[in-house]
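> here is a sequence together with a model predicted from it:
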Amino acid sequence: MSLIKDLQFGFSGYGKALEFIFKNRLYYYFLIPLLLNILLFGTTLSFVGEFTAYSTSYIQSILNPESWDFFGADILKGTISFIINLVLYFFFFLLYAFLGGYIILILLSPVLSVVSEKAERILYKTDYPFSWAQIIKDSWRGIKLAIRNFLIESATIILLFLISFVPVIGLATTPILFIVSAYYYGFSFIDYTSERRKLNSRQSIQFVKQNKGLAIGNGIPFALTLLIPFVGVSLSGFIAIISTVAATLSIFQKEQLIEQYPN
């Protein structure tokens, strides 16, 4: 099946995912990213505040502004302190935006596994007996996959950063990076279905490669959410649940079409 058609499958799942979630009362799972956001916000804000205060104090100890005795010294002290705080907060914002997607995928892995299973149970009329051992196994697989994809994406970012200095060719690095991110995010959401199909990690990687358009289409909304300033990571937890259901719906729709038109 063509890349464009697979992209359509990836996007089409979102058109039905939210309706599917509310129709089948899966919306209770949105409470978990809400609680996670409260926890992460408080923890991150406290850490960044303490680190920024320590860094500001350390830099000022080097500059020793208390010994400055010239006209405008007080204004310069305030300006330097403001710039240091601004740079540090901006740095943490960029770092959190980059790491945030994978942090959410790792922390929500048990929830996404359960949501994917419930969606498939409804779609395929299958019955998966509840098992904590299976949930832990699926979660651990999701965490390992998220770490693997993060490392690969990080290596890709470094490579694309170097390429970005090449005239003309460098202009393509930003959209390529976005597509790569979307692909690996979609990969994570699709893998929960692959796990239930008893595909091992190598087989799951091969399956996603064969359906790369579906993975990209499914991962784009999640990747776009992370680009929203300040609130992107907070919203991404809710989008992750929708993306997981959308991935399950997209695979189901594609399989139904293949069965109907095998050639």
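It's in.
> every contact and neighbour count from this point should use C-alpha atoms.
OK.
> who's in contact with the residue lying closest to residue 180 once chain neighbours are set aside?
In space, and not counting its chain neighbours, residue 180 is closest to residue 153: 7.1 Å by Cα to Cα, 6 or more residues apart in numbering. Contacts for residue 153 (Cα atoms under 8 Å, 6 or more residues apart in numbering) come out as 180, 181, 184.
> measure residue 153 to residue 118 for me?
Distance of residue 153 to residue 118, computed by Cα to Cα, to the nearest Å: 30 Å.
> low-scoring stretches of the stretch 151-263 of the chain, by residue?
165, 167-171, 257-263 (pLDDT under 70).
> the helices in this protein, which residues?
3-23, 31-63, 73-107, 109-124, 132-163, 173-196, 201-210, 212-226, 232-260 (DSSP state H).
> return the most buried member of the ones you listed.
Of all the helices of the chain, helix 212-226 has the most neighbours on average by mean count of other Cα atoms under 10 Å, namely a mean of 25.
> what does it contact?
3-11, 13-14, 97, 100-101, 178-187, 190, 208, 232-233, 235-236, 239-240, 243, 246-247, 250.
> kindly recompute the last result at 6 Å.
Helix 212-226 is contacted from outside by 3, 6-7, 9-11, 182-183, 185-187, 232-233, using Cα atoms under 6 Å, 6 or more residues apart in numbering.
> ok, stretch 239-247 next?
Contacts for stretch 239-247 (Cα under 6 Å, 6+ apart): 13, 14, 17, 116, 189, 190.
> now, among those residues, which is nearest to residue 76?
Residue 76 lies nearest to residue 189 out of the contacts of stretch 239-247, by Cα to Cα, at 50.2 Å.
> apart from its chain neighbours, what residue comes closest to the closest one?
Spatially, and ignoring its direct neighbours in sequence, residue 189 is nearest to residue 244 (4.9 Å; Cα to Cα, 6+ apart).
> name the nearest of the contacts of residue 153 relative to residue 145.
Nearest to residue 145 among the contacts of residue 153, with distances taken as Cα to Cα, is residue 184, at 9.4 Å.
> good, wrapping up.
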